[in-house]
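Participant: Here is my input, please return the structure:
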Amino acid sequence: METIQHRTVPVNGINMHVAEKGEGPVLLFLHGFPELWYTWRHQILALSSKGYRCVAPDLRGYGDTDVPKSVSSYTCFHIVGDIVALIDSLGVDQVFLVAHDWGAMIAWYLCMFRPERIKAYVCLSVPLLRRHPTIKTVDGMRFLYGDDYYICRFQEAGEMEGQIAQVGTINAMKNILTTRKTGPPILPKGQFGNGVNESTPETLPSWLTQDDLDYFVSKFDKTGFTGGLNYYRNLNLNWELTAPWSGTKIKVPVKFITGDMDMVYTSLGMKDYIESGLFKEEVPNLEEVIIQEGVAHFNNQEAAEDVTNHIYTFITKF
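Facilitator: Numbering: from 1, shown residues only. Reported below is the predicted structural model:
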């Protein structure tokens, strides 16, 4: 880990922290919630040794990157703008893209807005979610899952931050990262925890060390969770902003990887969408779908070597 270099890059009006290692074609990694560049530690070390320049930022609102205060500073336009500026700073025209969870959602927007900057995309956990032409994103989720669905619960500024503060950063992070609960996360009012993970283990799983957990906790203790939660608070605004791209097909070559215990994959209708051919209709160059047996949401950490191998076998085609 000490061989990974760290620097700060000015992008789109903010300062972005970037972890980097290796030389060669650029592999750009985008993390999800509540994560950091650190979620890609295994992939950075392995793929940099295979002739790639691995670049993993802390996204806007996370870690050692700036945390703008305004909720409206976290739209898909802001975050994609950050990433395009980062790519420009690397001195390359195109990158290989690897992304997970919210990072995957941002990556889909990036492939939609600036496909010429992406050679190929390895997507983890979150497939392209088609924009409904008449129903706002959060409104649709509330209709499907109810008011206690986690994304609906994240909408009110300060509410979820207060509940996380009650349980403590270390307990919240341990709870989320170790969850193996399938299906949509439901968080009853006034409660954080059991709706995500009914049985947080006393002993950490083999893929998550105490040092790993401590690193995440140290950064979220510094920044809080508001930056990451603000991504969710812009879902309806993103729906409005992306109206001009409604129905757009993603033409970038894509490989999709998820676990069969992933909370996204096991939510209402998602498995059918991924496996029925509807996903490929939206992403015509979807070349492969990998379902990892016995693997949950944070597959880039839990099944790190398998994910790394899948990334490598895909990007070496290009």
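Participant: Buried residues in stretch 2-22, which are they?
Facilitator: Using 16 or more other C-beta atoms under 10 Å as the test for burial, stretch 2-22 gives 4, 9, 11-12, 14, 16-22. No exception for glycine: its C-beta is placed from N, CA and C like everyone else's.
Participant: What is the nearest of the residues you listed to residue 266?
Facilitator: residue 19 (31.1 Å; C-beta to C-beta).
Participant: Only C-alpha atoms, please: export stretch 213-222 in CSV.
Facilitator: Provided in CSV are the C-alpha atoms of stretch 213-222 (Å, rounded to 0.1, in the frame of the first residue of the first chain):
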residue,chain,number,x,y,z
LEU,A,213,-12.3,-0.6,8.7
ASP,A,214,-10.2,1.9,10.7
TYR,A,215,-9.1,3.7,7.5
PHE,A,216,-12.7,4.1,6.4
VAL,A,217,-13.8,5.3,9.8
SER,A,218,-11.0,7.8,10.1
LYS,A,219,-12.0,9.5,6.9
PHE,A,220,-15.8,9.5,7.6
ASP,A,221,-15.1,10.8,11.1
LYS,A,222,-13.5,13.8,9.5
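Participant: Quick one: mean pLDDT for that stretch?
Facilitator: For stretch 213-222, the mean per-residue pLDDT is 97.
Participant: Can you give me the buried ones in that stretch?
Facilitator: Quick answer for stretch 213-222 (16+ other C-beta under 10 Å): 213, 215-217, 219-220.
Participant: repeat for stretch 163-170
Facilitator: For stretch 163-170, a neighbour-count test (16+ other C-beta under 10 Å) marks 163-164, 169 as buried.
Participant: Can you give me the pLDDT of the closest residue to residue 4 other than its chain neighbours?
Facilitator: In space, and not counting its chain neighbours, residue 4 is closest to residue 21: 4.8 Å by C-beta to C-beta, 6 or more residues apart in numbering. At residue 21, the pLDDT value in this model is 98.
Participant: Could you shift the numbering so residue one becomes 578, and keep it that way?
Facilitator: Let's use 578 as the start, then, which means that last one is residue 598.
Participant: need the buried residues of stretch 740-747 in CSV with pLDDT and secondary structure, can you?
Facilitator: As requested, the buried residues of stretch 740-747 are exported to CSV (pLDDT from 0 to 100; DSSP: H, G, I helix; E, B strand; the rest coil):
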residue, pLDDT, secondary structure
740, 90, helix
741, 91, helix
746, 93, helix
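Participant: Which one of those residues is nearest to residue 641?
Facilitator: residue 746 (16.3 Å).
Participant: which SS class is residue 632?
Facilitator: strand (DSSP: H, G, I helix; E, B strand; the rest coil).
Participant: count of residues packed around it?
Facilitator: 25 (other C-beta atoms under 10 Å).
Participant: Enumerate every residue touching it.
Facilitator: Residue 632 makes contacts with 595-597, 603-606, 663, 667, 672, as judged by C-beta atoms under 8 Å, 6 or more residues apart in numbering.
Participant: Show me where the stretch 728-877 of the chain has its strands.
Facilitator: All strands of the stretch 728-877 of the chain, identified by DSSP state E, counting those that start in this stretch, fall at 831-836, 863-869.
Participant: Out of those strands, flag the one nearest residue 716.
Facilitator: Going by C-beta to C-beta, the one of those nearest residue 716 is strand 831-836, 25.5 Å.
Participant: Pull up the pairing partners for that closest one, direction included.
Facilitator: Strand 831-836 has the following sheet partners, assigned by DSSP bridges: strand 695-701 (parallel), strand 863-869 (parallel).
Participant: Name the stretch among those strands that sits most buried.
Facilitator: Mean neighbours per residue, mean count of other C-beta atoms under 10 Å, is largest over the strands paired with strand 831-836 for strand 695-701, with a mean of 25.
Participant: With only the CA atoms kept, save it in CSV.
Facilitator: Listed next in CSV are the C-alpha coordinates belonging to strand 695-701 (Å, rounded to 0.1, in the frame of the first residue of the first chain):
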residue,chain,number,x,y,z
ILE,A,695,-14.2,5.7,-22.4
LYS,A,696,-12.5,2.7,-24.1
ALA,A,697,-14.6,0.2,-22.2
TYR,A,698,-16.5,0.0,-18.9
VAL,A,699,-16.5,-2.7,-16.2
CYS,A,700,-19.6,-2.1,-14.1
LEU,A,701,-20.1,-3.6,-10.6
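Participant: Identify all contacting residues around the helix or strand following it.
Facilitator: For strand 695-701, the following helix or strand on the C-terminal side (DSSP states H and E) is helix 714-722. Helix 714-722 has contacts (C-beta under 8 Å, 6+ apart) with 706, 708-709, 712, 726, 728-729, 732, 761, 763, 812-813, 815-816, 845.
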